[in-house]
Every structure is written in structure tokens, then in C-alpha cells.
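Engineer: fold the following.
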Amino acid sequence: MMALACRRGVAPGLFLVLASAVFTFGWFGGRSVAAEAVSPGSMVRIHIDQARIVKLPERTATLVIGNPLIADAVVQPGGVAVITGKSYGATNLVALDRAGVTLSDSALQVLGPADKVVLVYRGIERETYSCMPNCERRTTVGDSAGYFTANLNQISTIGSVAQGSATPQK
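Structural biologist: Next up, the predicted model:
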């Protein structure tokens, strides 16, 4: 078992449209939304590529994610944790105090994207597009290797150019 401990133009193909509009916890209209309390044995659900703020027991000092490929977590003071969905699947979330005593052990499920998504299949090849309001390329686990890598390279190049450490490719 893997564990991570943390401190504190559409082309021809079959189209499948998955749509859901979900708001995650955060700031809305200038007001704060309270973190959802996580009780021992409860199920925490989060969408891939989103963060969720949850309230754990106040004495939480360490948070363990059973499979860090599925989710990541950071503990803040007072038992507040930020959980980020990284890949589809289910794992668990264990909260420990400073002495290593288990305060909470909850199931954690990472669901598909919360935005409007179009999946394009060309045989066994898959591409994902986020369509809110226009369809743009999206890097998603499960996409074909070439499409996925090309998107990551573009994102990396844009980030480097934005930081002034590279020039755009021609």
C-alpha cells in the first residue's frame, strides 16, 4: 500500500457529453463558505482537478492519503484540510494527532470532471475537451498518450513564457 503523510472544431468520432455544474467550497460573492465537517467513517467526494476544504478534528497534525496518485491533502491549523482530486478512484483519508493516535479514518472518492466535458474517441484514441462556454483542450487522465503529452508540453511552455524564462516556439 502506498501512503503519503502530509504536515500541516470537433472531429468525427463518438461524442459523450458529461455535464454537471458543481461548486466547490471556497469564496463566493465575497463571503466565505464553511468547510464541510468530516466524521469518522464518512465518505468524502471530490471532483478531479478540484480542491475541497474539509474540517477534521482540531487536534489533527498529520493527514495520510492511502493512495497519493488519487488525491493530495494539506493540513492547516485547527483541523482544516485542503483535499485535491488528482485522478479517478477511491482511497482513504486518515487523520492523526501529534502522538500518532488515529482521530478519523474516512473513505475518499474522486469523481470525474465537474465541468461540461466532451470526450472524442477515434478508435481507441481519446481526447478530452472542456466546453464552458467554448470547447478547449483539457489534459485528463485516460487521454491518449500523444494528446496528453502535447497538452502538457503546451501548458509547460506557456508557464515558462509567463515567468519570462523561455520564449515561445515558432
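Engineer: what pairs with the helix or strand hosting Arg52, parallel or antiparallel?
Structural biologist: Applying DSSP states H and E as the criterion places Arg52 in strand 51-55. Applying DSSP bridges to the sheet, strand 51-55 is found paired with strand 36-37 (parallel), strand 80-85 (antiparallel).
Engineer: distance between that strand and the chain's centre?
Structural biologist: 12 Å (CA atoms, centre = their mean, to the nearest Å).
Engineer: what of stretch 135-143?
Structural biologist: 14 Å.
Engineer: what sits up against that stretch?
Structural biologist: 10, 48, 87-88, 113, 117-118, 126-130, 147-148, 151-152, 154-155 (CB atoms under 8 Å, 6 or more residues apart in numbering). Yep, even glycine has a C-beta here, placed from its N, CA and C like the rest.
Engineer: so which of the residues you listed are in helices?
Structural biologist: 147-148, 151-152, 154-155 (DSSP state H).
Engineer: which among the residues you listed count as buried?
Structural biologist: 147-148, 151 (16 or more other CB atoms under 10 Å).
Engineer: out of those residues, which one sits closest to Val44?
Structural biologist: Phe148 (27.0 Å; CB to CB).
Engineer: okay, the closest one and Gly100: tell me how far apart.
Structural biologist: Noted for Phe148: a distance of 39 Å to Gly100, by CB to CB, to the nearest Å.
Engineer: one more: Asp72?
Structural biologist: 21 Å.
Engineer: of those two, who's got more company?
Structural biologist: In terms of neighbours (other CB atoms under 10 Å), Asp72 is the more surrounded of Asp72 and Gly100; the figures are 16 against 8.
Engineer: partner residues bridging the more buried one?
Structural biologist: Where Asp72 sits in a bridge, its partners, by DSSP bridges, are Thr84.
Engineer: okay, it and Ala150: tell me how far apart.
Structural biologist: Distance of Asp72 to Ala150, given as CB to CB: 25 Å.
Engineer: swap in Ala95?
Structural biologist: Counting by CB to CB, the gap from Ala95 to Ala150 is 39 Å.
Engineer: returning to that earlier point: mind putting the ones in helices among the contacts of stretch 135-143 into CSV with pLDDT?
Structural biologist: What follows is those, written out as CSV (pLDDT from 0 to 100):
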residue, pLDDT
Tyr147, 95
Phe148, 94
Asn151, 92
Leu152, 92
Gln154, 92
Ile155, 90
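Engineer: and those residues as a markdown table, adding distance to Arg138?
Structural biologist: Listed next are the ones in helices among the contacts of stretch 135-143 as a markdown table, based on distance: CB to CB, whole Å:
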| residue | distance to Arg138 |
| --- | --- |
| Tyr147 | 10 |
| Phe148 | 10 |
| Asn151 | 8 |
| Leu152 | 12 |
| Gln154 | 12 |
| Ile155 | 11 |
